Every structure is written in C-alpha cells, then in structure tokens.
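Colleague: coords please:
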Amino acid sequence: MSDPEDPADPPDSLIPYDEIVQDSLRAVVRRVLADVAAAGSLPGAHHFYIAFRTRFPGVELPAHLLERYPDDMTIVIQHRFWDLRAEQDHFEIGLTFSQVPAKLRIPYGAITGFVDPAVNFALQFAVSAPEKPAPRPEPPAPAGDGAPSGAEGGSNVVSLDFKRRK
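Modeller: Now for the predicted structure:
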C-alpha cells in the first residue's frame, strides 16, 4: 500500500496535465508555421527540422515517400517550399524530394520533434494516438541525401515523455 504523503509515490492525477502541456507546445509549432506562412518566407537564418510519424491518422504524403519512410520522417523547411498553410489541427506544405515535388499534410499530433538550429531551439513530443494500420514495405536501401533525424544538444531543448499511470 502506498503512502499518499510519500513524495516518491505521487498520486494519480485526474487532470490530464501531460496532454495539456503537449497541446500547448504543439501550439508553438502551429504559431511559428502560421507566422512563416503569413510572411511567405523564413526570417533571417531560421530553418526547421520537423520529425513526424508517417502512419499517424491524417498524415498525407505520396506513396513513394511512405515506402521510403514507413514509420518516421524528418522534413526540412528552409529555402524551397510552397503553399505552406497552418490550420488548427494540421499543416500543409509543398516540398521537393530528390527533385520531385510533393504536397504533404501533417497533423500536429503526428509531430515528434521540431528544431530550429539557427537559434538552438528544439521541442520533442510523445505521440500517443494510434497509428494507421498498414502493411510494412520492404526496408529501402539507405539513401545518401537523408535529412538529419532529430536534434542533438542545445540549451533550449524541451523534452517531454509522459507516461500514463493505470
């Protein structure tokens, strides 16, 4: 039996603080993307790495990209992008992959990481919603033009990995 006064064994919360914090931090990503969309370009040396789950419900990307990145993908938003739209629950963007244009739709809930290396800022997210069931394609051969898969180091890194108690 646990002691309710024991700080080593905190009580279960009936308030979903972890979800509230995750939603608030995803709102940071939404606002930054909305500001960039309104301006039409990135200010100064800013650029973003956005990592996300490719099979998260609502993610839309071409089949060849899903085959190449069956679980996770990191996109780079820097010089060449178009049609950036930051909606309430997702963003849309046009990017080029190996000189082939593609349109992506990414729900904020699918995002696992957001990095702006120009100012050493990074956010990491836990993705908790069920992912789309899909058959696993054969693993592709390693590509030579892959983007970095996440952030390393940094004094402005916020890492959240909440576990729900049952």
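
Colleague: kindly list the longest helix within the protein.
Modeller: The single longest helix within the chain, with elements called by DSSP state H, is helix 17-39.

Colleague: what packs against that one?
Modeller: Judged by 3 or more C-beta pairs under 8 Å, 6 or more residues apart in numbering; DSSP states H and E, the packing partners of helix 17-39 are strand 82-86, strand 111-116, strand 121-124. From N, CA and C alone the C-beta is placed, and that goes for glycine too.

Colleague: make TSV from these and add mean neighbour count and distance to Glu19 to it.
Modeller: Below are these laid out as TSV (neighbours: other C-beta atoms under 10 Å; distance: least, C-beta to C-beta, whole Å):
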stretch	mean neighbour count	distance to Glu19
strand 82-86	15	21
strand 111-116	22	15
strand 121-124	20	15
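
Colleague: got CSV for these, with mean pLDDT and distance to Glu92 too?
Modeller: Output for these, formatted as CSV (pLDDT from 0 to 100; distance: least, C-beta to C-beta, whole Å):
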stretch, mean pLDDT, distance to Glu92
strand 82-86, 96, 5
strand 111-116, 97, 14
strand 121-124, 96, 20
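
Colleague: residue ranges in the chain under the pLDDT threshold?
Modeller: The chain contains residues with pLDDT under 70 at 1-7, 9, 129-166.

Colleague: in it, which spans are helices?
Modeller: Along the chain, counting by DSSP H, helices occupy 17-39, 63-68.

Colleague: quick one: buried residues of the first one?
Modeller: Of the residues in helix 17-39, those scored as buried under the neighbour-count criterion (16 or more other C-beta atoms under 10 Å) are Asp18, Gln22, Leu25, Arg26, Val29, Arg30, Val32, Leu33, Ala34, Val36, Ala37.
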